[in-house]
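Trainee: Predicted structure and sequence below. I'll ask about it afterward.
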Amino acid sequence: AKQIRPLIAGNWKMNGLKSALAEATAIRDALTTDPGAPEVMICPPATLLAPLADLTQGSPLAVGAQDCHAAPSGAHTGDISAEMLRDTGATAVIVGHSERRADHGEIDRIVLGKATAAHRAGLTAIVCIGETRGQREAGLTLDVVGRQLAASLPEGAGDTNTVVAYEPVWAIGTGLTPSNDDVAEVHALIRRDLEARFGAAGSRIRILYGGSVKPTNARELLALPNVNGALVGGASLKAADFLAIVRATA
Ligand code: PEP
């Protein structure tokens with residue numbers, strides 16, 4: 001298979017005041033422009049998108065947002081459109097994170113609308129899917145992930161505008177991770193479904209693993225088949241931890 005450039009993306013969630021830009025600056029300054037290096041991205045809270053985009057302009061550190069509204073503009077108080085995110089200098093947006101699915105009732109149809117909006121605005125959609133603990137214990141993991149994938153990805157998805165992040169809900173922020181075999185099994189299912197639906201582009205769409213990725217477990221997770229990078233929460237808040245995970249792709 002053709003080599004896929006890994007992506008290590010940090011999701012800061014609702015963390016980070018202006019003072020946190022120093023961590024992002026440290027990450028930026030440690031990255032090389034070597035095309036063999038992984039792509040690296042920080043997804044800060046919306047309040048830091050514009051300053052972070054300014055700080056990273058012309059550098060190898062990319063900037064992504066954590067959510068968008070489906071509409072380009074309009075009467076949606078408090079929401080931010082994909083076009084507005086693009087206007088800050090962001091190049092990607094996470095959609096369908098399990099915390100938004102849980103906190104804001106974002107079902108697949110809503111996630112699909114947000115991913116479609118991302119594409120419309122010229123952003124890469126990082127589409128998150130993953131089973132809950134109850135679903136895993138009931139043996140429903142592959143059914144749930146397959147259904148979320150089918151229902152959350154727009155028709156126009158391809159390797160240049162879409163990344164899939166497999167994040168088992170029970171592994172997020174818990175220090176727990178699935179076994180290597182379990183991660184590989186789910187990623188193989190996602191790859192098969194992407195190829196069936198999108199053909200050659202589907203074989204190149206990056207599939208990230210997310211859920212308690214740390215410097216200590218990153219190397220083995222990133223070496224698994226069809227794991228093309230990581231979406232990192234807690235360990236992306238400190239430059240040293242995040243950079244250790246970036247280096248684990250080598
Ligand atoms: C996430 O929220 O995307 C995530 C993977 O969090 P953590 O790394 O903290 O488990």
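Mentor: On my side now, so go ahead.

Trainee: all strands for this structure, in order.
Mentor: For the chain, applying DSSP state E gives strands covering 7-11, 39-43, 61-65, 92-95, 124-129, 162-166, 206-210, 229-232.

Trainee: Look up how far Leu48 lies from the nearest residue to Asn226 once chain neighbours are set aside.
Mentor: Nearest residue to Asn226, sequence neighbours excluded (CB to CB, 6 or more residues apart in numbering): His187, at 3.7 Å. To be clear about C-beta, it is placed using only N, CA and C from the backbone, and glycine gets the same treatment. Distance from His187 to Leu48, counting by CB to CB, to the nearest Å: 31 Å.

Trainee: same question, Asp54
Mentor: From Asp54 across to Leu48, the span is 10 Å (CB to CB).

Trainee: Of these two, which one has the most company?
Mentor: Each of Asp54 and Leu48 has its neighbours counted (other CB atoms under 10 Å); Leu48 has more, 22 against 12.

Trainee: sorry, back to before: output the strands of the chain in a markdown table; the columns should cover mean pLDDT and distance to the ligand.
Mentor: Formatted as a markdown table, the strands of the chain follow (pLDDT from 0 to 100; distance: least, CB to the nearest ligand atom, whole Å):
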| stretch | mean pLDDT | distance to the ligand |
| --- | --- | --- |
| strand 7-11 | 98 | 4 |
| strand 39-43 | 98 | 9 |
| strand 61-65 | 98 | 12 |
| strand 92-95 | 98 | 8 |
| strand 124-129 | 98 | 7 |
| strand 162-166 | 98 | 7 |
| strand 206-210 | 98 | 4 |
| strand 229-232 | 98 | 5 |
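
Trainee: With mean neighbour count and distance to Ala26 added, can I get those in TSV?
Mentor: Shown next, in TSV, are the strands of the chain (neighbours: other CB atoms under 10 Å; distance: least, CB to CB, whole Å):
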stretch	mean neighbour count	distance to Ala26
strand 7-11	26	12
strand 39-43	26	11
strand 61-65	24	10
strand 92-95	26	21
strand 124-129	28	23
strand 162-166	26	24
strand 206-210	24	22
strand 229-232	28	15
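
Trainee: Need those in a markdown table (columns: distance to Ile245).
Mentor: Formatted as a markdown table, the strands of the chain follow (distance: least, CB to CB, whole Å):
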| stretch | distance to Ile245 |
| --- | --- |
| strand 7-11 | 6 |
| strand 39-43 | 10 |
| strand 61-65 | 14 |
| strand 92-95 | 17 |
| strand 124-129 | 16 |
| strand 162-166 | 15 |
| strand 206-210 | 11 |
| strand 229-232 | 6 |
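
Trainee: Just tell me which of these ends up closest to Leu221.
Mentor: Nearest to Leu221 among these is strand 206-210; the distance by CB to CB comes to 5.5 Å.

Trainee: ok, that closest one: who's next to it in the sheet?
Mentor: The strands that strand 206-210 pairs with in its sheet are strand 162-166 (parallel), strand 229-232 (parallel) (by DSSP bridges).

Trainee: Contacts only, for Leu112.
Mentor: By CB atoms under 8 Å, 6 or more residues apart in numbering, Leu112 lies in contact with Ala151, Ser152, Leu153, Pro154.

Trainee: again, but for Leu208
Mentor: Leu208 sits next to Leu7, Ala9, Ile126, Val163, Val164, Ala165, Tyr166, Val227, Asn228, Gly229, Ala230, Leu231 when contact means CB under 8 Å, 6+ apart.
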